[in-house]
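K.L.:
Here is my input; please provide its structure:
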Amino acid sequence: MLRIGIIGYGARIVHMARSLKMFGMPYQVTAVVDPRADLIRANDDGFLQNAAFYGTADELLSHATELDGVMIGTRCTLHTELACKIAPTNLPLFLEKPVAISFEQVHQLEEAYRGVNTPVVVSFPLRLSPLLQKVKEIIDSGQIGTVEHVVAFNDVPYGHGYFRTWHRNYAENGGLWLQKFTHDVDYLTYLIGQQPKWVSAMSARRVFGGTMPWDLTCKTCHLNETCPESPLVRFRVGFEEQREGYFNRENYCVFSEGFEIDDLGNCMIEYDQGAQLSYTQNFFARYKAERRGARLLGYKGALEFDWYQNQIKIFSHVSPTIQTIDFTGDMPHFGGDRELCYDFLLAMRDHKPSRAPLSAGILSALTCLWARESATTRQFCEVKMPAGVLG
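P.N.:
I've put the predicted structure just below:
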């Protein structure tokens, strides 16, 4: 029976912890740290029937010998600090992204895990999704030649959520380069097979934000019947969820003052072997305007995919043909969550290396941080790696 400790019992980590059961390997959550411990206990959740609750991560880790692995699901600002505490225990770790939200944290994380060989599974489901793995297989086969040019896109249909929840706090999540681009630059770098060298980026807030009070909630707003982002209007006009569930959440106003996060951005990357990438993300697309994927071009052909379409297209440059590969099924994070669960189970049971390792998390965070720096300074930035990151 595998024994798991959870630090930060949030919605994402709860989903992943529960999903581990799909592979039939016996496990149980035996230790939890969360500031909402009393509320969690009051829910009398059978999933935690064998769990001891601790006041701090240090208290939980004092019982490290009684665990086979740890999952971190706190808010982003604590990911690095807690991962560094776990490093000396040599416990396999499931770490939510981003792994760090500052250059200082990147260095702390790299130093803490230097020489540590215990598997760390970073929550990068896109790189492990079946569609992306098929794309990787095609690229590695040489069918389109060496990837030279990439155009990638992420038009987020649920982006308003970042402006109405705790994610609106820049100090807690580091901005939306580190929330979204961290996934995309990871899978793109994985496909290209080169290391980011130079970054140029820009970002802006053009739709969300405004003059409403920062702490205004939809529940208390006198505009809830007319505001285009109110739960009532989104339910009536947009058919989004059930009104009761949507309205009862602690939704903050997306048009309030004080935002430091942006709602669109563009980034260009030159890789160390010469490949070039352009990437765009925005957070106000809706419904069928959603897109997430890329077009990769080589001398022999081009490959294009979109997770929302569940489709890959291969355009030959040596004959007038197009090959289409359709994927079926509807799994969380396009099937990537399933593979993350499998990796973490094997990390705990067999200490098998992760396919979404900490080195990938650090490289992604660094690239995002340099994109953020470039957007702030309006300058090209060199992606400088601390020693040991790619070792």
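K.L.:
only C-alpha atoms for contact and neighbour calcs from this point on.
P.N.:
OK.
K.L.:
quick one: the helices in the stretch 51-200 of the chain?
P.N.:
Using DSSP state H, counting those that start in this stretch, the helices of the stretch 51-200 of the chain run over residues 57-61, 79-86, 103-113, 125-128, 130-140, 161-164, 170-173, 182-192.
K.L.:
how about those, which one is nearest residue 356?
P.N.:
Among the helices of the stretch 51-200 of the chain, helix 125-128 comes nearest to residue 356, with 7.7 Å by Cα to Cα.
K.L.:
could I have that closest one exported to CSV, CA atoms only?
P.N.:
Provided in CSV are the C-alpha atoms of helix 125-128 (Å, rounded to 0.1, in the frame of the first residue of the first chain):
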residue,chain,number,x,y,z
PRO,A,125,0.1,17.2,-18.7
LEU,A,126,0.3,18.6,-22.2
ARG,A,127,3.7,17.0,-22.9
LEU,A,128,2.4,13.6,-21.8
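K.L.:
Residues contacting stretch 63-81, please?
P.N.:
Residues outside stretch 63-81 that contact it (Cα atoms under 8 Å, 6 or more residues apart in numbering) are 2-10, 12-13, 30, 82-83, 89, 91-101, 105-106, 108-109, 171-174, 348-349.
K.L.:
are any of those residues buried, and which?
P.N.:
Among these, those buried by neighbour count (16 or more other Cα atoms under 10 Å) are 2-9, 13, 30, 82-83, 89, 91-101, 105-106, 108-109, 173-174, 348.
K.L.:
quick one: which of those residues sit in strands?
P.N.:
Those of those mapping onto strands are 2, 3, 4, 5, 6, 7, 30, 93, 94, 95, per DSSP state E.
K.L.:
Spit out the contact partners of residue 195.
P.N.:
The contact partners of residue 195, taken as Cα under 8 Å, 6+ apart, are 189, 271, 272, 273.
K.L.:
If we use 10 Å, what do you get?
P.N.:
With contact set as Cα atoms under 10 Å, 6 or more residues apart in numbering, residue 195 has these partners: 189, 269, 270, 271, 272, 273, 274, 275, 363, 367, 383, 390.
K.L.:
How about residue 282?
P.N.:
For residue 282, the contact set (Cα under 10 Å, 6+ apart) comprises 153-157, 159, 176, 180, 203-205, 262-266, 290.
K.L.:
can you tell me which of the residues you listed are in strands?
P.N.:
If you go by DSSP E, the contacts of residue 282 have 153, 154, 155, 203, 204, 264, 265, 266 in strands.
K.L.:
Would you check how far apart residue 185 and residue 194 are?
P.N.:
Separation of residue 185 from residue 194 (Cα to Cα, to the nearest Å): 12 Å.
K.L.:
And those two? Which one has more around it.
P.N.:
Counting neighbours by other Cα atoms under 10 Å for residue 185 and for residue 194 shows that residue 185 has the greater number, 24 against 16.
K.L.:
what's the closest non-adjacent residue to that one?
P.N.:
Residue nearest to residue 185 in three dimensions, not counting chain neighbours: residue 364, with 6.2 Å by Cα to Cα, 6 or more residues apart in numbering.
K.L.:
Kindly report the same for residue 258.
P.N.:
The shortest distance from residue 258 to any residue other than its chain neighbours is 6.4 Å, reached at residue 214 (Cα to Cα, 6+ apart).
K.L.:
Surely the one you found is within a helix?
P.N.:
No: counting by DSSP: H, G, I helix; E, B strand; the rest coil, residue 214 is not found in a helix; it is coil.
K.L.:
ok, longest helix in this protein?
P.N.:
Determined from DSSP state H, the single longest helix within the chain is helix 358-377.
K.L.:
The helix or strand following that helix pairs with which strands, parallel or anti?
P.N.:
Using DSSP states H and E, the next helix or strand after helix 358-377 towards the C-terminus is strand 381-382. Strand 381-382 has the following strand partners under DSSP bridges: strand 196-204 (antiparallel).
K.L.:
Given the helix or strand where residue 292 lies, what are its sheet partners and their directions?
P.N.:
Residue 292 belongs to strand 291-297 when elements are defined using DSSP H and E. Here strand 291-297 is paired, per DSSP bridges, with strand 149-155 (antiparallel), strand 301-306 (antiparallel).
K.L.:
Centre of the chain to that strand, how far?
P.N.:
Put simply, strand 291-297 sits 18 Å off its chain's centre (Cα atoms, centre = their mean, to the nearest Å).
K.L.:
orientation of that strand relative to helix 182-192 in degrees?
P.N.:
Strand 291-297 and helix 182-192 meet at an angle of 20 degrees, taking axes from the mean of the first three to the mean of the last three Cα atoms, to 10 degrees as the criterion.
K.L.:
CA atoms only for strand 291-297, dumped as CSV, please.
P.N.:
What follows is strand 291-297, C-alpha atoms only, in CSV (Å, rounded to 0.1, in the frame of the first residue of the first chain):
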residue,chain,number,x,y,z
ARG,A,291,-7.4,27.1,-29.7
ARG,A,292,-4.3,25.5,-28.2
GLY,A,293,-1.6,24.0,-30.3
ALA,A,294,1.1,24.8,-32.9
ARG,A,295,2.3,24.6,-36.5
LEU,A,296,5.9,23.2,-36.8
LEU,A,297,7.7,23.5,-40.1
